[in-house]
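Peer 1: I would like to see how this sequence folds:
(4 chains)
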Number of protein chains: 2
Amino acid sequence: MGASKTEIHTQFHLEIAEIAKVLSHPARIAILEYISKQKDCICGDIVDEIGLSQPTISQHLQVIRNAGLLKGNFEGKRLCYCLDADRFKEIQELLTQFFKTTSAQCC
Amino acid sequence: MGASKTEIHTQFHLEIAEIAKVLSHPARIAILEYISKQKDCICGDIVDEIGLSQPTISQHLQVIRNAGLLKGNFEGKRLCYCLDADRFKEIQELLTQFFKTTSAQCC
DNA sequence: TATTATTATCGTAATATTGCAATATTATAA
DNA sequence: TTATAATATTGCAATATTACGATAATAATA
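Peer 2: Prediction:
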């Protein structure tokens, strides 16, 4: 099949999995880390930095954007892509919550 | 292509992505949470709990096992599947480290 | 040893992901 | 407005993932 059976899972489990999927590719990890470090970040820089084609980077950016993690500010002349700090913190807290819920006890 | 270009990424980024991939399916999240709660956990229980076929659960378990998260104890008569607490903590720390490294500052 | 229960593996179909070339869109500069 | 630069979209090929039926392997019990 290839498609996961979403209907049998809880909202919490689906949400955690969706977040994790965003983080499940090294290019996206690299992009997130890079964007977070820049004051003024443009997509072209990312292409140079990471070593994938511009369309591929653009595609990864869309995945990150769909997760609500991207904020684009048109400050003055250029488009500035930044992490949405609030959403980023939210995601961090959801994962923390999962790790809290799931603490190994047996054996 | 479908295969990611591993050679262009750092070990850290690859490691984070690999961990996230394990967490990127709701069934595996559910399995991890369930296993962590049981004292004596057998695969069959998981099948009843989650609502996927036994082979599918077994496949998900292998992904979890490959990440070093499963510990199988043959205690007395039955096989007891448990979370590897050390590895679980390790994974948690790696993600925490990523979130620390990647803290939104710009905009 | 034969039976039964539990878990793993194989084979396969459906769908998703990754990556890039070509092209379109958008925004700035001339 | 036209040229130029930056980013997004489209289309497509290669590979990966998800799911399950059928079957094999393994372990406990009669």
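Peer 1: Which stretches in chain A count as helices?
Peer 2: A:11-22, A:26-37, A:43-50, A:54-66, A:85-101 (DSSP state H).
Peer 1: Make CSV from the ones you listed and add mean pLDDT, mean neighbour count and distance to DNA strand C to it.
Peer 2: Glycine gets a C-beta too; all of them are placed from N, C-alpha and C. Compiled in CSV, these are given as follows (pLDDT from 0 to 100; neighbours: other CB atoms under 10 Å in any protein chain shown; distance: least, CB to the nearest atom of the strand, whole Å):
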stretch, mean pLDDT, mean neighbour count, distance to DNA strand C
helix A:11-22, 98, 19, 6
helix A:26-37, 94, 22, 5
helix A:43-50, 85, 15, 9
helix A:54-66, 95, 15, 3
helix A:85-101, 94, 16, 17
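Peer 1: Looking at the ones you listed, spot the one closest to residue B:57.
Peer 2: helix A:11-22 (14.5 Å; CB to CB).
Peer 1: need the helices of chain A in CSV with distance to residue B:68, can you?
Peer 2: CSV is the format used below for the helices of chain A (distance: least, CB to CB, whole Å):
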stretch, distance to residue B:68
helix A:11-22, 17
helix A:26-37, 19
helix A:43-50, 28
helix A:54-66, 27
helix A:85-101, 16
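Peer 1: mind putting those in JSON lines, distance to DNA strand D included?
Peer 2: Output for the helices of chain A, formatted as JSON lines (distance: least, CB to the nearest atom of the strand, whole Å):
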{"stretch": "helix A:11-22", "distance to DNA strand D": "8"}
{"stretch": "helix A:26-37", "distance to DNA strand D": "11"}
{"stretch": "helix A:43-50", "distance to DNA strand D": "3"}
{"stretch": "helix A:54-66", "distance to DNA strand D": "3"}
{"stretch": "helix A:85-101", "distance to DNA strand D": "17"}
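Peer 1: Out of those helices, flag the one nearest residue B:9.
Peer 2: Per CB to CB, nearest to residue B:9 of these: helix A:26-37, 3.9 Å.
Peer 1: If you count contacts, what does that closest one end up packed against?
Peer 2: Here helix A:26-37 touches helix A:43-50, helix A:54-66, strand A:78-83, helix B:11-22, helix B:85-101, going by 3 or more CB pairs under 8 Å, 6 or more residues apart in numbering or on different chains; DSSP states H and E.
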